[in-house]
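[1] Curious how this folds, go ahead:
(2 chains)
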2 protein chains.
Amino acid sequence: MIVALCGGVGAARLLRGMERAVGGASITAVVNTGDDTERFGLHVSPDLDTVMYTLAGRVDDGRGWGLAGETWTVMDALEELGGPTWFRLGDTDLATHFLRTERLATGATLTEVTAELCRSFGVGPRLLPVTDDRLRTMVRLRDGDEVPFQDYFVRLRHAVPVSGVRFDGAGAARPGPAVLDALASADTIVVCPSNPVVSIGPLLAVPGVLDVLRHRRESVVGISPLVGGAALKGPADRMMVELGGEASSAGIARGYAPWMGTLVIDETDASDAPDVEAAGVRCHVAPTVMTTVDAAARLSETALAAVGSR
Amino acid sequence: MIVALCGGVGAARLLRGMERAVGGASITAVVNTGDDTERFGLHVSPDLDTVMYTLAGRVDDGRGWGLAGETWTVMDALEELGGPTWFRLGDTDLATHFLRTERLATGATLTEVTAELCRSFGVGPRLLPVTDDRLRTMVRLRDGDEVPFQDYFVRLRHAVPVSGVRFDGAGAARPGPAVLDALASADTIVVCPSNPVVSIGPLLAVPGVLDVLRHRRESVVGISPLVGGAALKGPADRMMVELGGEASSAGIARGYAPWMGTLVIDETDASDAPDVEAAGVRCHVAPTVMTTVDAAARLSETALAAVGSR
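    A predicted model of the protein is given here:
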């Protein structure tokens, strides 16, 4: 059994390859909920949906999120009314948020709703929200304002410098009911190539997760989200620098070293390998850019082999 | 200045005629919010929307509610996911609920949001929700269950007998900020041909409304929603009987007599006139079926003339 720690797009693409490599039934994905948001009264879980839509073969590959073949009637009508439309939700995507919101309102947990949605979408791997409790990534902008993650990421197009990140609710959040057991009993734990600050960070902030990971350090293998010191998508590299770190695979290794034994880094960053090892993390160099599902399958096989799991 | 007490479809059609007759600027509509509901996290105000869409010339005349030329992409997608779709909301209609829900969540009142939406839709008359507070019509079914109004009206297609109606929240609800002043200073108060139990009833249940109406009795003119003892649309006639009353214009008159001086009844019910007068209510007989906007304009002129306002 493999447990993957997941953000959104990068994780989704790795999981799609991993499913091809080892089969969906062997995979549990523990997914970030820190970028969940309430829009128009709807509970939106962007990372869960990106992973779910990708594994269902329904994702819009160009955008990386949302459903393929989407229409935008509701957003267009909202725009005509002068409403706020910076957070765009497609018509068929909305059905997911409607169902989730309605089930949560009638007492279901996010874990339960996620399982129901995954069944409807025919998703193989098990998806576990890291917590059923409220967890919200808040971003402190360098100009002083603190804003919810989606305001930073979508409304401000992550084009403004940040000075801090806080996971609101993390102190009181309990791990999802199957999360700690899954981590404790996994053969291998894979850290997906996701933003370490705002995708993996919230997972680690949920009490109990880091403790289990520390005990499982030798079974934890990460894949660096950086290629040539830059994020392929999103603000991971800039955020790492702005928050006082270093945008490099060595920087990733130093951050994860207390609980991750092995890191796969991209060929272009091969020169980082000594620094990764110096941080006490075994380093594997491999192609990490997932241009195809096959490439993602090979990458996941590389990661699993690196901790002797394949 | 005319103030109209309003439910949904019947009221909307009368108001459309009244606007033609006297101009939108002279009309304030106090609208029922007892059938408001939260669906999928969205705040839906069916009567406000029916009145607003009708006055905007955007209503689907065939259905009587919702927007003309509507599409149903979101509901179709929800159905595919196995979600609950008995309360159908069209794609462009959803934009209204999104905007309302978002504004309410950021602290706006329903009165404010309604004014904003009416501006966007180009509605002439002023629409006032009877209250900004929570007011929910609950229907006791004869089989013993109590259900929210929309469950009775839409899910059960008002096809089951009822044994009681309760306006949840009414005791603590305050009238909308302009409602009592509008009623107190109106030249004429028109009771629209709406369901007396579940459209007009909730308005009367908001503390303060009935007191003002009693003081204005001579300026209050109603239009019976019954034609030949039957409701043209909806369950008004059956509800009146099931709740121990009589489905007739005389029954309406007896119910409203403490605060309504005049009632317009349909020609087919002319034989009811003596019973209406016996209830202490002046009776005017006129055609009340609003097959066209002109017919609705004539009906509103008849009602206004009946209390000497035109």
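[2] list the contacts for residue A:24?
    Residue A:24 makes contact with A:55, A:123, A:124, A:125 under the criterion CB atoms under 8 Å, 6 or more residues apart in numbering or on different chains. Glycine gets a C-beta too; all of them are placed from N, C-alpha and C.
[3] Equivalent analysis for residue A:164, please.
    A:139, A:140, A:146, A:243.
[4] same question, residue A:165
    If you count contacts by CB under 8 Å, 6+ apart, residue A:165 has them with A:137, A:138, A:139, A:140, A:197, A:198, A:201, A:239, A:243.
[5] Check residue A:112 too.
    residue A:103.
[6] State the distance from it to residue A:202.
    Residue A:112 is 20 Å from residue A:202, where distance means CB to CB, to the nearest Å.
[7] what residues does chain A put near chain B?
    A:38-43, A:71, A:73-75, A:77-78, A:80-84, A:91-92, A:94-99, A:101-102, A:105, A:117, A:120-121 (CB under 8 Å from any CB of the partner chain).
[8] re earlier: with respect to chain B, which of the contacts of residue A:165 is nearest?
    The closest of the contacts of residue A:165 to chain B turns out to be residue A:138 (CB to the nearest CB; 17.6 Å).
[9] Contacts only, for that closest one.
    Neighbour list for residue A:138: A:146, A:147, A:148, A:149, A:165, A:166, A:167, A:168 [criterion: CB under 8 Å, 6+ apart].
[10] which two in those are spaced the farthest apart?
    A:147 and A:167 (14.2 Å; CB to CB).
[11] more crowded one of those two?
    Neighbour totals were compared for residue A:147 and residue A:167, and residue A:167 leads with 20 against 16 (other CB atoms under 10 Å in any protein chain shown).
[12] burial count for residue A:296?
    Using other CB under 10 Å, residue A:296 has 25 neighbouring residues.
[13] Next: residue A:284.
    By the criterion of other CB under 10 Å, residue A:284 has 17 neighbours.
[14] swap in the one 3 residues further on?
    For residue A:287, the neighbour count with other CB under 10 Å is 15.
[15] Looks like it contacts residue A:295 (just checking).
    Yes: with contact defined as CB atoms under 8 Å, residue A:287 counts as touching residue A:295 (7.0 Å).
[16] where along the stretch 51-200 of chain A do the strands fall?
    Along the stretch 51-200 of chain A, counting by DSSP state E, counting those that start in this stretch, strands occupy A:126-129, A:136-141, A:146-148, A:162-168, A:188-191.
[17] so which of those strands is the most packed in?
    Compared across those, strand A:188-191 shows the largest average neighbour count, a mean of 27 (mean count of other CB atoms under 10 Å in any protein chain shown).
[18] bridging residues for residue A:28?
    residue A:3, residue A:126 (DSSP bridges).
[19] Spit out the contact partners of the one residue in the stretch 101-250 of chain A that gets nearest to chain B.
    Going by CB to the nearest CB, chain B is nearest to residue A:101 of the stretch 101-250 of chain A, at 3.9 Å. Residue A:101 makes contacts with A:41, A:42, A:43, B:40, B:41, as judged by CB under 8 Å, 6+ apart.
[20] so the third one sits in a strand?
    The one in question is residue A:43. Yes: assigned with DSSP: H, G, I helix; E, B strand; the rest coil, residue A:43 falls within a strand.
[21] Next one: it from residue A:23, what distance?
    Taken as CB to CB, the span from residue A:43 to residue A:23 is 31 Å.
[22] again, but for the first one
    Summarising the geometry, the distance separating residue A:41 from residue A:23, computed by CB to CB, is 38 Å.
[23] just for the stretch 51-200 of chain A, where's the confidence low?
    Scanning the stretch 51-200 of chain A for pLDDT under 70 picks out nothing.
[24] Which pLDDT value goes with residue A:229?
    Residue A:229 is assigned a pLDDT of 89 by the prediction.
[25] Please list all residues in contact with it.
    By CB under 8 Å, 6+ apart, residue A:229 lies in contact with A:237, A:247, A:248, A:269.
[26] what about residue A:145, how many neighbours?
    Residues near residue A:145, counting by other CB under 10 Å, number 12.
[27] And for residue A:291?
    9.
[28] where does it land in three-state SS?
    Assigned state for residue A:291: coil (three-state reduction, three-state DSSP).
[29] how close does it sit to chain B?
    30 Å (CB to the nearest CB, to the nearest Å).
[30] just so I know, which of the strands of the stretch 51-200 of chain A lies nearest residue B:260?
    Of all the strands of the stretch 51-200 of chain A, the one in closest proximity to residue B:260, counting by CB to CB, is strand A:146-148 (51.2 Å).
[31] Which two of the contacts of residue A:101 have the greatest separation?
    A:43 and B:40 (9.6 Å).
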